[in-house]
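Visitor: Fold the following.
(4 chains)
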Protein chains: 2
Amino acid sequence: MHCFMKEGVTDILKKSGLSLTDSRKRILHFFLESSNALAHSDIEKLSGDQFDRVTIYRTLQIFVEKGIIHTIPSADNAVRYALCQSECSAGHHHDEHVHFVCDVCGATFCLQHTAIPQVQLPNGFKLRQVDVLASGKCNQCA
Amino acid sequence: MHCFMKEGVTDILKKSGLSLTDSRKRILHFFLESSNALAHSDIEKLSGDQFDRVTIYRTLQIFVEKGIIHTIPSADNAVRYALCQSECSAGHHHDEHVHFVCDVCGATFCLQHTAIPQVQLPNGFKLRQVDVLASGKCNQCA
DNA sequence: GTAACTGCAAAATATTTGCATCCTT
DNA sequence: AAGGATGCAAATATTTTGCAGTTAC
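Guide: Alright, predicted model coming up:
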């Protein structure tokens, strides 16, 4: 298991076979710095509109393809992304951790140290992945 | 605990204080008939474009408000809705069951009889709700 | 009859695509 | 130098809002 936190932006991009461009470096940096998940709009704000919307879309897309970030399921129709922490490779995500959305501040966290519970499916169903989406109040807002 | 399956469309609408209009009756009927979750686009197709897009948006919205249906979190940014099965009332949803998305056919099911596992949050976090989103192959596609 | 609901038009927002130019290697 | 990435323009898709006409009760 590698840990992105200990690697630099450049290492991660190289390892994924991506060229080192300004937008990729800065956007990846935002994820490394941020303790919670980021939406497209967050990145726009963080970058001070330095990048074109389209560039952000394409950058997020390729990061997902390369296994650098993953999307977080949500009920509110807003796509948020977070760093993959464990052994993700291109096309194969393994982010079976618990996601937590704060009802108050809207922040979304990946709870790495919270175990994914066992799920028992009905007969005939084949399980591939389990996502757990918890909501309530985060430690800042409680 | 009431069970919508045993009630008619009319009963449900009346109980929720909604007037009995064509679109509401037909859209609610789709949910009662369907074994899996429906997206806005599914309803458009099912109705044969009988209703305006806007009417569908507004109908789904008020059904959610009244606790008749609930949104299902998904990683693919498509909002799907399903009937609330347990004691939901206006503004208070309690649909803590497991949702299952089939990777093959895309169908989304509510697994009523699958227990929601316990989730242990870090210190300072207050839990309100847990959604479990499982994916894999459904019994038709496995 | 009145309040609420629907349909249409249009605005606002979100996402995708094509292409010329620029940057990384 | 060559291939890939970006920025801009524009197409497409999604969701929201306002308002006038219609319907439920």
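Visitor: Look at the spatially most central residue of chain A and tell me its secondary structure.
Guide: Residue closest to the average C-alpha location in chain A (C-alpha atoms, centre = their mean): A:Ala82, at 1.5 Å. What DSSP: H, G, I helix; E, B strand; the rest coil gives for A:Ala82 is strand.
Visitor: go on, A:Phe30?
Guide: Three-state call for A:Phe30 (three-state DSSP): helix.
Visitor: which residues touch the closest residue to A:Leu28 other than its chain neighbours?
Guide: Using C-beta to C-beta, 6 or more residues apart in numbering or on different chains and skipping residues adjacent in sequence, the residue nearest A:Leu28 is A:Val9, 4.8 Å away. (Glycine included, C-beta is placed from N, CA and C.) Contact partners of A:Val9, counting by C-beta atoms under 8 Å, 6 or more residues apart in numbering or on different chains, are A:25, A:28-29, A:32.
Visitor: contacts for the helix or strand of chain A with the lowest mean pLDDT?
Guide: Ranking every helix and strand in chain A by mean pLDDT, DSSP states H and E puts strand A:108-111 at the bottom, with a mean of 87. Here strand A:108-111 makes contact (C-beta under 8 Å, 6+ apart) with A:35-37, A:72, A:74, A:80, A:82-83, A:85, A:95, A:97-102, A:134, A:138, B:121-122.
Visitor: Taking the residues you listed, please make a ChimeraX selection of just the buried ones.
Guide: Only the buried entries of the contacts of strand A:108-111 go into this ChimeraX selection, using 16 or more other C-beta atoms under 10 Å in any protein chain shown:
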select /A:36,37,72,74,80,82,83,85,95,97,98,99,100,101,102,134,138 /B:121
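Visitor: Among the contacts of strand A:108-111, which lie within strands?
Guide: A:72, A:80, A:82-83, A:98-102, A:134 (DSSP state E).
Visitor: Who are the contact partners of the residue nearest to the centre of chain A?
Guide: When contacts are counted by C-beta under 8 Å, 6+ apart, A:Ala82 touches A:31, A:36-38, A:69-70, A:72, A:95, A:99, A:108, A:110.
Visitor: In terms of pLDDT, where does it sit?
Guide: What the model reports for A:Ala82 is a pLDDT of 93.
Visitor: which residues does it bridge with?
Guide: Beta bridges link A:Ala82 to A:His70, judged by DSSP bridges.
Visitor: Within range of chain B, give me the residues from chain A.
Guide: A:71-77, A:79, A:98, A:100, A:103, A:111, A:113-115, A:117-139, A:142 (C-beta under 8 Å from any C-beta of the partner chain).
Visitor: show me which of those neighbour DNA strand D.
Guide: Residues of the residues of chain A next to chain B in contact with DNA strand D (C-beta under 7 Å from any atom of the strand): A:Asn77.
Visitor: Going through the residues of chain A next to chain B, which ones are buried?
Guide: Buried among these by 16+ other C-beta under 10 Å: A:71-75, A:79, A:98, A:100, A:111, A:114, A:117, A:119, A:121, A:125, A:129-138.
Visitor: Write down the beta-bridge partners of the closest residue to A:Cys138 other than its chain neighbours, one by one.
Guide: Closest residue to A:Cys138 apart from its sequence neighbours, by C-beta to C-beta, 6+ apart: A:Cys102 at 3.9 Å. Under the criterion DSSP bridges, A:Cys102 forms beta bridges with A:Gly136.
Visitor: A:Cys102 and A:Asn139 touch, don't they?
Guide: No - with contacts counted by C-beta atoms under 8 Å, A:Cys102 stays clear of A:Asn139, the gap being 9.1 Å.
Visitor: thinking again about what came up before, could I get the pLDDT score of the residue nearest to A:Leu28?
Guide: For A:Val9, pLDDT reads 94.
Visitor: what do you get for A:Ser89?
Guide: The model's pLDDT for A:Ser89 equals 55.
Visitor: Ok, the one 4 residues further on next?
Guide: pLDDT, the model's per-residue confidence, is 56 for A:His93.
Visitor: how close does the residue nearest to A:Asn139 when sequence neighbours are not counted get to A:Gly136?
Guide: Excluding the flanking residues, the one nearest A:Asn139 by C-beta to C-beta, 6+ apart is B:Gly124, at 3.1 Å. As judged by C-beta to C-beta, to the nearest Å, B:Gly124 and A:Gly136 stand 11 Å apart.
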